[in-house]
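J.: Dropping a prediction and its sequence here:
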Amino acid sequence: MIYIISACLAGFNTRYDGKNSFSEVFEELVRRGKAIPFCPEQAGGLPTPREPSEIIGKDGFEVIEGKARVLTRDGKDVTEQFLKGARETLKLANITGAEAAILKSKSPSCGCKKIYDGSFRGVLKDGLGVTAAYLKSHGIEVIDSDDYLERH
């Protein structure tokens, strides 16, 4: 199986703070040709580093439906960039035949179980990020990076 993987997990400095979330487990998947690193936020046109963003509303499914927005800590609306990044991720999955994605925990794009609550106070809530919700709604399995590490 080929995975799409959040690029930060493989050591690329694509996180909002210009850092990464490197794990040798994920780097090895890329090295063996089992995973393709990709950053939806960069693909959506956001710079690195960038202001932290959170979903204002329930989760990524509501963003896709137009019922919630993604805002930066200083109030800038980056919803369209997050949606574009989600569409580009699905395009990559379709081109490569990836049936699953291993995505960074807690991210407003990639979170698969928990995301930050929109208060910018570090509070988590249940829900999916925009890319995770978009991929799932198009039949791509989404796997939380922390869960993957626990199993491997």
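T.: It's in. Note that this is a predicted model, so its numbers are computed, not measured.

J.: Could you pull up the mean pLDDT of stretch 100-118?
T.: Across stretch 100-118, the average pLDDT comes to 97.

J.: report the longest helix in the protein, please.
T.: Determined from DSSP state H, the single longest helix within the chain is helix 79-96.

J.: got the contact list for it?
T.: 2, 4, 36, 38-46, 53, 60, 63-64, 69-71, 98-99, 101, 108-109, 130-131, 133-135, 138, 140 (C-beta atoms under 8 Å, 6 or more residues apart in numbering). Where C-beta positions appear, they are placed from N, C-alpha and C, glycine not excepted.

J.: Kindly export the helix or strand just after that helix (C-alpha atoms) in PDB.
T.: Sequence-wise, the next helix or strand downstream of helix 79-96 (DSSP states H and E) is strand 100-103. Extracted C-alpha coordinates of strand 100-103, given in PDB (Å, rounded to 0.1, in the frame of the first residue of the first chain):
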ATOM      1  CA  ALA A 100      -4.600   5.800   2.900                       C
ATOM      2  CA  ALA A 101      -3.000   8.900   4.400                       C
ATOM      3  CA  ILE A 102      -0.900   9.100   7.600                       C
ATOM      4  CA  LEU A 103      -1.600  12.600   8.900                       C
END
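
J.: Adjacent strands (with direction) for strand 100-103?
T.: Neighbouring strands of strand 100-103 in its sheet, by DSSP bridges, are strand 3-6 (parallel), strand 141-144 (parallel).

J.: residue with max distance from the center of this structure?
T.: Ranked by distance from the centre of the chain (C-alpha atoms, centre = their mean), the top residue is residue 32, with 21.9 Å.

J.: Retrieve the pLDDT associated with it.
T.: On the pLDDT scale, residue 32 is placed at 98.
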